[in-house]
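Enquirer: kindly return the folded structure for what I paste below:
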Amino acid sequence: MGFPGTWMTESESVVYRVVPKCACSTIGQIMYYSDHGEFFDGDIHDAKGGMHKWALEDSQPLITANIESHKSYAFTCVRNPYTRILSSFFDKICGIQRNGKRYRGNLVPLLIQKYGIEVGDPETGFEFDQIKSFRRFLLFARDTIRWRRPMEPDIHWSAMSGHISTFIVNGGKYDRIFWTEHFNDGMKAVLDEIETPKPVDITKIPRFNESEGHGPKRAFPVEDYFDDLSMHLVYEIYKRDFQLFKYDFEDPSNKMPTGEIDLTEVHAKLGE
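Expert: Have a look, this model is predicted:
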C-alpha cells in the first residue's frame, strides 16, 4: 500500500503525513519554503515539483526508503473533530471549489435529493438554514463511513486516526503529532528538531487557508450545530480521534485539547 498522503521536502529534512482539514496547506507551504526560501505560487496541493509527494510516482521510492529507515523526522497534525467536520461541511459541501464548480460534481445534488440538505447559493449570499443542513450532512457522513454508501467516505471527513494509521501500519513512525489549535508551538517544535536549507521564522509565516472565501461563513458558535443526536453521531464516527488526540467530546464549545498526546499509545492502537 505504501505511504499515501505523505509529503517530504526535496532535501529530505522532514516527512509529513497529510491529514485533510488540519492546516495542511500551511504546513506544505512551510516545507516548501524551508527548501527554497519562497512559497509555492498557488495552492500547494497543486504543486508537481519542489517537494516529494506520494501522489507523484517518481517520489515514491524516495519516500519509501526514507520512512522505512526512519531517516528523517516524521510528523503530522490533528484538529478537534467538531470543528473539522464543520469546516468540511462549509468548505466542501457549501463552498465553490478552486475550479469554480461544486465539489465532486454530482455530490451536492445527491445530498440535496437524498438527505434534503440545502447549501445556499453565492448569488444570494448563501442564505439557508445552516444548522438543519449541517445535521443532515452529519447523517450522510456517518452513512459513508459506517456503510460506505451512498458513496465511499471522503478524505475530508473520514477519521484522522484512519489517515494517520496507514503511515504506521506500513512501517512508519511519528516523532511528533501536534494540534492545529496550538499550531505555532507545534510547528516550531518540529522545526527545532530538523535542519532546513533555509531558515523559517514561524512567527512570520502567513496562514494558507485555500478554502477561505469560497462559501458561506459559519453563522453560529460551534456548539449550536451539535444537539444530542449530532454529538452521538460525531462520537460514533470519531471516537478514536477524541480518545487518542485528547479532545473533549462532552463540550463542543471547547476546541482545545485536554491532555498530552501519547505517541506510544497512538502507535500501539493505530498499528494493529
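
Enquirer: pLDDT score for Glu210?
Expert: Note for Glu210: predicted pLDDT of 63.

Enquirer: same check on Lys101?
Expert: 87.

Enquirer: residues in contact with Gln97?
Expert: Tyr103, His214 (C-beta atoms under 8 Å, 6 or more residues apart in numbering). Just so you know, the C-beta spots here come from the backbone N, C-alpha and C atoms, and that holds for glycine as well.

Enquirer: kindly indicate whether Thr64 is helix, strand or coil.
Expert: helix (DSSP: H, G, I helix; E, B strand; the rest coil).

Enquirer: cool, and Ile112?
Expert: What three-state DSSP gives for Ile112 is helix.

Enquirer: from Thr6, how far off is it?
Expert: 35 Å (C-beta to C-beta, to the nearest Å).

Enquirer: who has more neighbours, these two?
Expert: Thr6 (26 against 14; other C-beta atoms under 10 Å).

Enquirer: run a quick neighbour tally on the residue nearest to the more buried one when sequence neighbours are not counted.
Expert: Leaving aside its chain neighbours, Thr6 sits nearest to Trp54 (4.7 Å; criterion: C-beta to C-beta, 6 or more residues apart in numbering). For Trp54, the neighbour count with other C-beta under 10 Å is 18.

Enquirer: cool, and Ser158?
Expert: Ser158 has 19 neighbouring residues, counting by other C-beta under 10 Å.

Enquirer: phi, psi for the residue nearest to Pro81 when sequence neighbours are not counted please.
Expert: Nearest residue to Pro81, sequence neighbours excluded (C-beta to C-beta, 6+ apart): Tyr238, at 3.9 Å. Per-residue torsions, Tyr238: phi -120, psi 30 (degrees, to the nearest 10).

Enquirer: again with Arg102
Expert: Dihedral angles of Arg102 (phi, psi; degrees, to the nearest 10) stand at phi -70, psi 150.

Enquirer: give the contact list for the residue lying closest to it once chain neighbours are set aside.
Expert: Leaving aside its chain neighbours, Arg102 sits nearest to Val108 (4.7 Å; criterion: C-beta to C-beta, 6+ apart). By C-beta under 8 Å, 6+ apart, Val108 lies in contact with Ile93, Arg102, Ile117, Val119.

Enquirer: so where's the stretch 151-272 of the chain uncertain?
Expert: Along the stretch 151-272 of the chain, the model assigns pLDDT under 70 to residues 210-213.

Enquirer: show me where it has strands.
Expert: In the stretch 151-272 of the chain, the strands defined using DSSP state E, counting those that start in this stretch lie at 176-179.

Enquirer: longest strand anywhere in this structure?
Expert: For the chain, the longest strand by residue count, based on DSSP state E, is strand 73-78.
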